[in-house]
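K.L.:
build me a model:
(2 chains)
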Amino acid sequence: MRAVVTVTGSDKRGIIAKVSAFLFEHNINIEDVSQTILGDQFAMIMMVDMSESKEAFSAVAAKLSALGEQIGVTVRLQHADIFDAMHNI
Amino acid sequence: MFSKFDVIETIDMIEKEHLDIRTVTMGISLLPCIRATAQETAQAVYDRVMQKAERLVPTATELSAEYGIPIVNKRVSVTPVSLITAAFPEESGVVGAALDRAARELGIDFLGGYSALVHKGTADYEQVFLATIPEVLATTERLCSSVNVGSSKSGINMDAVRTMGEIVLKTAQLTRDRDGLGCAKLVVFCNAVEDNPFMAGAFHGVGESDTVINVGVSGPGVVEHALKFIPDDDLTDAAELIKRTAFKITRAGQLIAREAAKRLGARFGIVDLSLAPTPARGDSVAHILETLGLEVVGCHGTTAALAMLNDAVKKGGVMASSRVGGLSGAFIPVSEDIGMIESATAGKISLDKLEAMTCVCSVGLDMIAIPGDTPASTISAIIADEAAIGMVNNKTTAVRVIPAPGKKVGDEVSFGGLLGRAPVMPVHTGDAGAFIRRGGLIPAPIHSFKN
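P.N.:
Alright, predicted model coming up:
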């Protein structure tokens, strides 16, 4: 199952490292990464494959959200279908 | 594939512009629940609703977490109860109480369908059923009621219109300790639809299958935000932008509807192409109209702006969903829209302007507080006017007015939550009593004879 991890917030060191390490530990494969800086806001978008994830979607989403709080940014995990549906005919 | 800008746009829509799935509504047929007595029927109704909708709230919560989009309301609509209790109509309240208990135990927001369809005539059992509505709405919490008094095909049942004026007033009086809250759960329709997911008017039509999922989307804030970027473009461009935005909003609804139906073992019914406001700032249909260039909603030009908005929402939404239905269009409830509340409080929008607006938008006079001493015949006349607009224009119209007990023009009623608050608005004081007392049926318009 394809999902999208988004990280937004003020830029600080180690964001990519911490989120990537978490995904690695949970056996979630990162297929694509892009990042932008919008003003002083940091935005990172990761396409991930969750088919071999060690834990259920909702559990991973909750942990990622908690990790975000720890770092001081917002981290979300969403099923990729919502973006496909809204932006492709 | 989608771009990173698409991802950011979706997240901004949800987190900054109030995009949400307004309701996932499960329609359940109660026809298999008819038994010999009211008590047995109530038990069968309770058991069936509990069984069918058992997973509704947990499933909506799961979907919301997985797709990252809020699902605000989880609801159930049922077969009009007047049909289920036709053999013992005076005891319909027993079934109403069982439905309300099921709603509370399921944790759903509202359950709709304490309803009757009397658009061509009121049967004896329906007359008895209608009389139970005020007491049932006063003694239940989450049960909603609707009555269809007219249709383009059959005309307007003016006997039922007269009765409903009295019933609206009585419902307000029985819930006087709560500003007449019972009336917020009672809708009088012309051309009611069988697959409406929105309350208080949802019921599960007899033409529907056993169990269906209907979804209503929302996103006035998203449309308003998009329009702010083109303050000087002409209205053709504005309509195009609304269409594109409505497409995206509706696609989210379509995705959730299909997935919810699959997980709940129900059929996917329809997506209601709606723009439904809430009292929150940034979630207002009135503010969309003002962004189009009106100083305040209710001024001249409001009807034209609303007509354009409503049409563009439908055109964008139809392309986005495989099955559309329900009420589909922009909603203009007064108490549930911060822009409407502010305009009404400042005296900038009148009941007459709202009536004109209902000619071109999705429903009708919705969540409007009127003086508590308004005569029943005047309420009936308001219902008759609105039903006439629906009948002649082949569209759904509805009246959900609250004759606020003990309150007069300038006072305010407050229901809290999504039902919001509303100033008491003036009604015309000329007497329509003699017209209403005539009763009978206003015949269907000539253009309805299409066979």
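K.L.:
secondary structure element holding residue B:98?
P.N.:
Residue B:98 belongs to helix B:92-106 when elements are defined using DSSP states H and E.
K.L.:
can you list the helices and strands that that helix packs against?
P.N.:
Where contact means 3 or more C-beta pairs under 8 Å, 6 or more residues apart in numbering or on different chains; DSSP states H and E, helix B:92-106 is packed against helix B:38-52, strand B:71-78, helix B:81-84, strand B:110-112, helix B:124-139, strand B:143-151. For glycine as for every other residue, the C-beta is placed from the backbone atoms N, C-alpha and C.
K.L.:
and the helix or strand of chain A with the lowest mean pLDDT, what does it pack against?
P.N.:
The weakest-scoring helix or strand in chain A, judged by mean pLDDT, DSSP states H and E, is strand A:29-38 (a mean of 89). For strand A:29-38, the packing partners by 3+ C-beta pairs under 8 Å, 6+ apart come out as helix A:15-25, strand A:41-49, helix B:4-16.
K.L.:
tell me how many other residues crowd residue A:59.
P.N.:
Residue A:59: 12 surrounding residues under other C-beta atoms under 10 Å in any protein chain shown.
K.L.:
same question for residue B:91.
P.N.:
When neighbours are counted by other C-beta under 10 Å, residue B:91 comes out with 17.
K.L.:
identify the residue spatially nearest to it, adjacent ones excluded.
P.N.:
Spatial nearest neighbour of residue B:91, excluding adjacent residues (C-beta to C-beta, 6 or more residues apart in numbering or on different chains): residue B:38 at 3.6 Å.
K.L.:
kindly report the same for residue B:118.
P.N.:
With sequence-adjacent residues excluded and distances taken as C-beta to C-beta, 6+ apart, residue B:118 is closest to residue B:160, at 4.6 Å.
K.L.:
residue B:48 now?
P.N.:
Nearest residue to residue B:48, sequence neighbours excluded (C-beta to C-beta, 6+ apart): residue B:33, at 5.5 Å.
K.L.:
the one you found reaches residue B:44, doesn't it?
P.N.:
Yes: counting by C-beta atoms under 8 Å, residue B:33 touches residue B:44, with 3.9 Å between them.
K.L.:
write out the residues of chain A neighbouring chain B.
P.N.:
Contacts of chain A with chain B, taken as C-beta under 8 Å from any C-beta of the partner chain, map to A:4, A:6, A:8, A:34, A:36, A:38, A:43, A:45, A:57-58, A:61, A:76-79, A:81-89.
K.L.:
which of the residues you listed are buried?
P.N.:
A:4, A:6, A:8, A:43, A:45, A:57, A:61, A:76-79, A:81-87 (16 or more other C-beta atoms under 10 Å in any protein chain shown).
K.L.:
show me those residues that map onto strands.
P.N.:
Judged by DSSP state E, those include A:4, A:6, A:8, A:43, A:45, A:76, A:77, A:78, A:79 as members of strands.
K.L.:
farthest pair within those residues?
P.N.:
Distances among those were taken as C-beta to C-beta; the most separated pair is A:43 and A:79, at 19.2 Å.
K.L.:
got a list of what residue A:49 touches?
P.N.:
By C-beta atoms under 8 Å, 6 or more residues apart in numbering or on different chains, residue A:49 lies in contact with A:1, A:2, A:3, A:28, A:29, A:31.
K.L.:
point out where chain A drops to low pLDDT.
P.N.:
Judged against pLDDT under 70, chain A has no low-scoring part.
K.L.:
return the residues of the stretch 101-250 of chain B in contact with chain A.
P.N.:
residue B:248.
K.L.:
need the strands for the stretch 101-250 of chain B, in chain order.
P.N.:
Under the criterion DSSP state E, counting those that start in this stretch, the stretch 101-250 of chain B contains strands at B:110-112, B:116-117, B:143-151, B:155-157, B:186-190, B:211-218.
K.L.:
quick one, which of the ones you listed is packed in tightest?
P.N.:
When those are scored by mean count of other C-beta atoms under 10 Å in any protein chain shown, the highest mean neighbour count falls to strand B:186-190 (a mean of 30).
K.L.:
partners of it, with directions?
P.N.:
Strand B:186-190 pairs in its sheet with strand B:143-151 (parallel), strand B:397-404 (antiparallel), by DSSP bridges.
K.L.:
state the next helix or strand along the chain beyond the last one.
P.N.:
Pointing back at strand B:397-404 there. As assigned by DSSP H and E, the chain's next helix or strand after strand B:397-404 is strand B:412-416.
K.L.:
by contact count, what packs against that next one?
P.N.:
Strand B:412-416 sits against strand B:420-423, with contacts defined as 3+ C-beta pairs under 8 Å, 6+ apart.
K.L.:
chain center to the strand it packs on: distance?
P.N.:
Put simply, strand B:420-423 sits 17 Å off its chain's centre (C-alpha atoms, centre = their mean, to the nearest Å).
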